[in-house]
Every structure is written in structure tokens, then in C-alpha cells.
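Student: what follows is a predicted structure for the sequence shown.
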Amino acid sequence: MGRIRFLDVRALHLRHRAGLHEALDRVLESGNFIQGAQLEAFEREFAAYCGAGHCVGVGSGLDALHLTLRAWGIGPGDEVIVPSNTYIATWLAVTHAGATPVPVEPRLDTYNMDPERVGAAITPRTRAIIAVHLYGQPADMDPINAIARERGIKVMEDAAQAHGAAYKGRRAGSLGDAAGFSFYPSKNLGALGDGGAVVTNDAALAGRLRSLRNYGSAIKDRNEHIGFNSRLDELQAAFLRIGLASLEEDNARRSALAARMLSGMADSGLVVPVVPEWAQPAWHRFVVRHPARDDVMRRLAAAGVETMVHYPIPPHLQPAYAQTPLAHACLPVSERIHREVFSLPLYPSMDEAGVDRILAALRA
Ligand SMILES: *Cc1c(COP(=O)(O)O)cnc(C)c1O
């Protein structure tokens with residue numbers, strides 16, 4: 001019996017080999033490599049998929065978040081509320097805009113931002129909240145949107161792990177004022193390289209982002225803003241259209257595998273993912289928790305099951321923030337999560353036998 005790989009990105013993309021080759025040919029034949037028909041088509045298709053009016057392709061998920069904060073005019077002196085428990089890119093977007101990340105602790109059951117703690121973190125300087133749908137589990141958006149509306153601040157979804165996840169029947173990307181997506185190759189919708197997008201119903205914001213991603217220029221030879229070069233190129237857009245066509249099927253497969261995993265884990269001794277009744281997760285990661293995490297991971301590895309930790313070090317304890325007051329933040333919930341969680345393999349090209357082997361290894 002072979003090992004159960006944590007994730008096989010090669011196999012994930014090789015499933016679409018023929019389609020990807022045709023997409024490459026289409027772009028090559030068109031002679032148009034930046035901001036052409038493929039990008040336009042992908043933006044239209046992905047906005048429709050998310051149930052939103054606009055999609056603006058950019059260079060990465062980090063840029064999607066960063067450029068949106070810029071487009072909102074958020075900068076030095078401003079505060080942006082972020083989850084304490086997230087991938088560091090959420091925080092970096094705020095820092096790159098020149099603003100200050102203000103971490104809010106998650107709920108221990110869902111690992112997502114605790115809406116009840118958001119109010120206390122708001123100050124007169126707060127301009128936005130970034131809610132992350134961590135591991136593909138939608139954040140509890142209604143109370144977060146309600147607080148934001150009351151205080152007149154923006155809400156951005158960090159949907160980098162949540163393509164196709166839904167909250168109360170509405171898809172990620174349509175749940176706040178704007179959403180940032182990543183198309184890093186291992187995400188639920190991944191390119192063959194870097195890519196990202198902002199999805200929004202705000203036409204003015206979309207227009208500003210189209211300019212910001214392209215040197216601050218919406219009309220050729222006219223530069224309105226101090227812009228960036230952060231575009232989603234034609235090749236990646238064409239590849240993403242192939243992946244988007246099977247995203248629903250992939251996510252359904254992830255859900256079926258997750259259900260099988262959950263039903264077999266009742267007596268495993270692990271804290272398993274909690275799915276609120278309003279959540280339809282995208283199952284980007286299947287994350288469990290145990291106080292003796294490292295020991296459990298070692299034993300699973302010996303039984304041939306690869307696991308990973310998402311994430312071993314919280315953003316506030318990273319060297320990147322060591323010289324800032326954030327390094328001294330008191331965030332015990334996030335620190336405990338980072339000490340205790342680990343991720344089991346779960347991806348569309350895995351089969352039921354794979355799940356059963358993981359379950360058998362857990363029981364042993
Ligand atoms: C992957 C990820 C990002 C960053 O996306 P990139 O495309 O790698 O820049 C941001 N936030 C979260 C939660 C992510 O998982």
C-alpha cells in the first residue's frame with residue numbers, strides 16, 4: 001500500500017491536460033497575452049459563479065486584498081480588523097496599504113472570526129473588517145456585516161480558500177462589500193501559477209481596481225492613480241476557465257469525502273470540524289485538533305498518511321511583525337489553535353478507499 005499524499009497538485013491539474021493544452025493554443029493563436037478576451041470571459045464567468053456583478057483579475061490573492069484596501073482609500077493612520085487566526089497574507093495586505101492590522105480572536109469551534117468580539121475592537125480609526133473563510137468554512141457574515149453597517153465601515157471577505165463555499169445559500173464573493181480570491185495552484189480553483197481576483201457588486205470599486213492593477217491607467221496613456229502592475233494574464237485566465245468548469249463537481253467530491261471522514265471519526269479522540277447549519281463549506285482543508293498534535297501526526301506518518309499544519313505559527317508571532325506592537329498582542333485562542341490543529345488529506349482526486357485508510361490509521 002502506497003502512502004496517502006497530503007496533496008498531489010500535479011495530479012490535480014493533469015486531470016485537465018487536454019483542456020489546458022487547448023487553452024494554451026487558443027492564447028498562442030490569439031497573439032494577445034495581457035488583458036484580452038480570456039480575462040474578460042473569465043471575469044464574467046467567475047462573477048456569475050459567485051453571484052456578484054463584477055470580477056477584476058489581479059496578480060495574486062494578496063494583491064486582491066491589498067489593492068481593494070487601496071481602492072477604498074485605506075492607508076496610514078487607519079485600522080483594519082483581521083482574524084488573529086489566518087494565513088499571514090491577510091495581515092500583509094493591511095500592512096502593505098500602510099494601515100494597522102487589528103487582530104480579533106476566532107471561535108474555538110469554527111476557527112473563524114468571533115463576531116461577538118468584533119465590536120470591542122472597533123475604534124474611530126477602524127475603516128474595514130476582513131473576514132476570512134478559513135479552510136473553506138464560511139465566516140458568520142450576518143453579524144459582521146451588521147456591525148460594519150452600523151459603524152459605517154467596509155467588509156471584505158478573504159475568500160482565498162473558499163471558492164464555491166456558501167453562507168445561508170449565498171456564495172463566497174457576494175457576502176460583503178468585496179471579496180479577495182487567490183488562484184494559487186493548490187487552492188480549490190487554482191491556476192498554473194499565480195493569480196487572484198476581486199469580486200464585488202460595487203461598479204465604482206471594480207473600475208478603480210481595473211485602473212490600479214494596470215499602472216493606474218484605465219484609458220491608454222492616461223494614468224489617474226499611482227498604480228501597480230498586478231494583472232491576471234491571458235494564459236492563467238484561460239486555464240482558470242477550464243478549472244472553473246469543474247469546480248462544482250470538485251467541491252461536491254470534497255463534500256462527499258468530508259462527510260465520509262466525519263462519519264467515521266466519532267470515536268477518534270480528535271476534535272473534528274464543526275459545520276454550522278448555515279454553512280456549506282468548500283472543504284479546502286479538513287482540519288482537526290488534538291492536544292498531542294505532533295505525536296498524532298508522527299504516528300499517522302508511520303502508518304503512511306501525510307498530514308500538514310495550517311498554520312504552525314500565528315501572524316503576530318512571525319519575525320515579520322517582531323518589531324511592531326502586534327508581537328505583544330494577547331491572542332491565546334489563536335495560539336492554542338496553532339499548537340493543536342493539523343490537516344488530513346482531502347482533495348477531489350482522492351477516493352473513498354483513501355478516506356477509509358486514513359480512518360483505519362486514526363483508529364490504530
Ligand atoms: C492563499 C491565501 C492568500 C494569498 O493568496 P496568494 O495568491 O498566494 O497571494 C490570502 N489569504 C488566505 C487565507 C490564503 O489562504
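Tutor: Ah, there it is. Bear in mind the structure is a predicted one, so any value in this text is a computation, not a measurement. Residues are numbered from 1 along each chain as shown.
Student: what sits closest to Glu45 if chain neighbours are left out?
Tutor: Leaving aside its sequence neighbours, Glu45 sits nearest to Leu244 (Cβ to Cβ, 6 or more residues apart in numbering; 5.9 Å). The C-beta positions use only the backbone N, C-alpha and C, and glycine is treated the same way.
Student: Ala303 now?
Tutor: Leaving aside its sequence neighbours, Ala303 sits nearest to Ala361 (Cβ to Cβ, 6+ apart; 3.8 Å).
Student: which residues are contacting the strand or helix carrying the one you found?
Tutor: Secondary structure assignment for Ala361, by DSSP states H and E: helix 352-363. Residues outside helix 352-363 that contact it (Cβ atoms under 8 Å, 6 or more residues apart in numbering) are 1, 4, 257, 260-261, 264-265, 267-268, 270, 299-300, 303-305, 344-345.
Student: can you select the buried ones from the residues you listed in PyMOL?
Tutor: Per 16 or more other Cβ atoms under 10 Å, the buried members of these correspond to this PyMOL selection:
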select buried, resi 4+257+260+261+264+265+268+270+300+303+305+344+345
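Student: give me the subset of the contacts of helix 352-363 lying in helices.
Tutor: If you go by DSSP state H, these have 257, 260-261, 299-300 in helices.
Student: tell me which residues touch the residue in the chain that the ligand sits nearest to, please.
Tutor: Closest approach of the chain to the ligand (Cβ to the nearest ligand atom) occurs at Gly61, with a separation of 2.4 Å. Contacts for Gly61 (Cβ under 8 Å, 6+ apart) come out as 89, 158, 160, 180-184, 187, 196.
Student: wait, isn't the residue nearest to Glu45 in contact with Leu189?
Tutor: Yes: between Leu244 and Leu189 there is a contact at 6.2 Å, judged by Cβ atoms under 8 Å.
Student: for the two, indicate the residue with more neighbours.
Tutor: Using other Cβ atoms under 10 Å as the criterion, Leu244 and Leu189 rank with Leu189 on top: 22 against 18.
Student: just confirm the more buried one is within a strand.
Tutor: No: under the criterion used here (DSSP: H, G, I helix; E, B strand; the rest coil), Leu189 is coil, not part of a strand.
Student: pretty sure Ala139 sits against Ala131.
Tutor: Yes: Ala139 is in contact with Ala131 according to Cβ under 8 Å; the separation is 4.2 Å.
Student: between these two, which contacts overlap?
Tutor: Residues touching both Ala139 and Ala131 (Cβ under 8 Å, 6+ apart): 112-113, 157.
Student: sitting in strands, which of the contacts of Gly61 do you find?
Tutor: Mapping the contacts of Gly61 onto strands (DSSP state E) picks out 158, 180-182, 196.
Student: from these, pick the one nearest Ala252.
Tutor: Phe181 (19.4 Å; Cβ to Cβ).
Student: show me what the closest one is bridged to.
Tutor: Beta-bridge partners for Phe181, by DSSP bridges, are Ala197.
Student: and it, what does it touch?
Tutor: With contacts defined as Cβ under 8 Å, 6+ apart, Phe181 is in contact with 46, 61, 64, 159-160, 163, 173, 189, 196-199.
Student: measure it to Tyr347 for me?
Tutor: 18 Å (Cβ to Cβ, to the nearest Å).
Student: ditto for Gly190
Tutor: Distance, Gly190 to Tyr347, by Cβ to Cβ: 11 Å.
Student: neighbour count winner among the two?
Tutor: Neighbours per residue (other Cβ under 10 Å) separate Gly190 from Tyr347, with Tyr347 holding more: 23 against 20.
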